[in-house]
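# output the structure for:
(chains A and B)
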Amino acid sequence: MTARVIHKFTRNVPQWRPRVTPVDLAEATPAQLEALQVTPSNTKVSDYVLTLAHDVESLKVRSPLFNAIMYDKEGLSRSERELGALGASIVNRCIYCAAVHASRHAQIEKDTRVTDELFAKGENADLSPRDRAIFDFARKLSAAPSQASAEDMDALCAAGLDEAEVLDLILSTALFGWANRLMHVLGDPVREEGSG
Amino acid sequence: MSDTWSTTAVAEGGVVPEGPGAAAVTLRANILDMTQTAEEAVLAPEDCGAWPADLRAALASRIARLNRLDAVADRYAGRMSGTAYAGLTDPGQDGAAEGVAEVVAFMDKVAMQTRDIAAADIATLQAAGIHDADIVRLCELNAFLAYQLRLIAGLRLMTEVRT
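Residues are numbered from 1 along each chain as shown, chains lettered A, B, ... in the order given. As a prediction, the model looks like this:
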């Protein structure tokens, strides 16, 4: 079975194939096992997490930070945080992250229209004023910190985002500046030939 | 919470108690505190691998400067204890003098042209004799900086627009 590298955006989440050799669980150090949260009842660890286990100290702080930014209560809605993540992933062409977070957006919204539009038309997508302001901000902040402007911030306020929602958007967008530079750099999104 | 205001992201973002953005920062204090923990994990880890803390600080400073965040660049550079890698903080230097040209070229590209990274970029590092664990360490440093620099730029917009 051969695996084909995916180059087009999709909601159909591909597999991730590392470009470096992941940590071998059988040879992992106690610190790596602790960071991987491997227990006798939980021995299944993805290649991605095993790759990150090469840098234990970063891996340990990563999971709680990611979960807090994407799932903590109050502030920006779950699907709008996904839109921030997706804006970053489209700019950085991280096919894997874009697939995961577009599919989550569609699941939460029970609607594929927004992500269909974004994958088909990119920055020219036909979006609601609120989604437009959120996506434009995420896209510009991702391209370069200096590209997001006071006008973009004004647009977020005009679209009805309060201060806490704006901070959550900044955090979810910035977080995917991080995630994309691991996923897209350290591996390839692949699909087995003949599947999906 | 008292320490949250002095974290790199909040301080460089210009958020102060009672000021614009302060309520939002208070709500997300746990995240901002973890952000500082993550900074220490990439800039001053216990296990540095092939990349000493001064090299990490120099690369961080360089990437902040490439992103036009000069005050943050100075802050990262201030973490260096010696001058061996100080030249790298200037984006005009290519790292050849310090013997890290491949590393510098890779870090610049991951930071600024992320979408263009391909398998060949990793293969180039491997061909230069850099171990896989050290490639992951470089990526973690770069990835964290992308996050922190964007967080700082966003916080500045929150604090500047409303004043």
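# contacting residues for A:M153?
Taking Cβ atoms under 8 Å, 6 or more residues apart in numbering or on different chains, we find A:M153 in contact with A:F137, A:V166, B:L157, B:M158, B:V161. C-beta here means a position set from N, CA and C on the backbone, and glycine is covered the same way.
# of the residues you listed, which is the most crowded?
Of the contacts of A:M153, A:F137 is surrounded by the most neighbours, 28 neighbours in total, counting by other Cβ atoms under 10 Å in any protein chain shown.
# which residues touch that residue?
When contacts are counted by Cβ under 8 Å, 6+ apart, A:F137 is found next to A:G87, A:A148, A:D152, A:M153, A:A155, A:L156, A:L169, A:T173.
# likewise A:S41?
Residues counted as contacts of A:S41 (Cβ under 8 Å, 6+ apart): none.
# got a pLDDT number for it?
With respect to pLDDT, A:S41 scores 70.
# now do the buried residues in the longest helix along chain A.
Counting by DSSP state H, the longest helix found in chain A is helix A:163-186. By 16 or more other Cβ atoms under 10 Å in any protein chain shown, the buried positions in helix A:163-186 come out as A:163-186.
# now do the strands in chain A.
Remark: strands assigned in chain A by DSSP state E are A:3-5, A:15-18, A:187-192.
# for the last one, name the packing helices and strands.
Going back to what we said before, that points to strand A:187-192. Judged by 3 or more Cβ pairs under 8 Å, 6 or more residues apart in numbering or on different chains; DSSP states H and E, strand A:187-192 is in contact with strand A:3-5, strand A:15-18, helix A:47-52, helix A:95-109.
# redo the ones you listed as JSON lines? Include mean neighbour count.
Output for those, formatted as JSON lines (neighbours: other Cβ atoms under 10 Å in any protein chain shown):
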{"stretch": "strand A:3-5", "mean neighbour count": "14"}
{"stretch": "strand A:15-18", "mean neighbour count": "17"}
{"stretch": "helix A:47-52", "mean neighbour count": "20"}
{"stretch": "helix A:95-109", "mean neighbour count": "22"}
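# any chance of a markdown table for these, columns distance to A:R130?
As requested, those are exported to a markdown table (distance: least, Cβ to Cβ, whole Å):
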| stretch | distance to A:R130 |
| --- | --- |
| strand A:3-5 | 35 |
| strand A:15-18 | 32 |
| helix A:47-52 | 32 |
| helix A:95-109 | 13 |
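# tell me which of the contacts of A:F137 is nearest to A:P14?
A:G87 (20.0 Å; Cβ to Cβ).
# run a quick neighbour tally on the closest one.
28.
# excluding chain neighbours, give the residue nearest to it in space.
For A:G87, ignoring the flanking residues on the chain, the nearest one in space by Cβ to Cβ, 6 or more residues apart in numbering or on different chains is A:A138 at 2.7 Å.
# am I right that the one you found is in contact with A:L171?
No: the pair A:A138 / A:L171 is not scored as a contact, 11.1 Å apart, by Cβ atoms under 8 Å.
# which stretches of chain A have low pLDDT?
Along chain A, the parts satisfying pLDDT under 70 run over A:1, A:38-40, A:42, A:195-196.
# for chain B, see how far away the spatially most central residue of it is.
Closest residue to the average C-alpha location of chain A: A:C97 at 4.3 Å, with Cα atoms, centre = their mean. According to Cβ to the nearest Cβ, to the nearest Å, A:C97 stands 11 Å off from chain B.
# do a quick rundown of the strands in chain B.
Applying DSSP E to chain B gives no strands.
# what residues are up against the spatially closest residue to A:V185 that is not a sequence neighbour?
In space, and not counting its chain neighbours, A:V185 is closest to B:I117: 4.9 Å by Cβ to Cβ, 6+ apart. Counting by Cβ under 8 Å, 6+ apart, B:I117 makes contact with A:H184, A:V185, B:K109, B:V110.
# kindly report the same for B:R68.
B:R68 makes contacts with A:A144, A:P145, A:S146, as judged by Cβ under 8 Å, 6+ apart.
# B:E102 too?
Contact analysis of B:E102 by Cβ under 8 Å, 6+ apart lists B:T124, B:L125, B:A128, B:I130.
# hmm, which of those residues are the buried ones?
Neighbour-count burial (16+ other Cβ under 10 Å) applied to the contacts of B:E102 gives B:L125, B:I130.
# okay, the contacts of B:E102 in TSV with pLDDT and distance to A:S58 next?
Formatted as TSV, those follow (pLDDT from 0 to 100; distance: Cβ to Cβ, whole Å):
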residue	pLDDT	distance to A:S58
B:T124	97	23
B:L125	98	18
B:A128	96	22
B:I130	98	17
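# ok, the contacts of B:E102 vs B:Y147, which is closest?
Using Cβ to Cβ, B:L125 comes nearest to B:Y147 of these, at 21.9 Å.
# ok, for that closest one, nearest residue in space, not its chain neighbours?
Spatial nearest neighbour of B:L125, chain neighbours left out: B:I135 (5.3 Å); criterion: Cβ to Cβ, 6+ apart.
# now do that neighbour against A:L141, distance only.
B:I135 sits 27 Å away from A:L141, taking Cβ to Cβ, to the nearest Å as the criterion.
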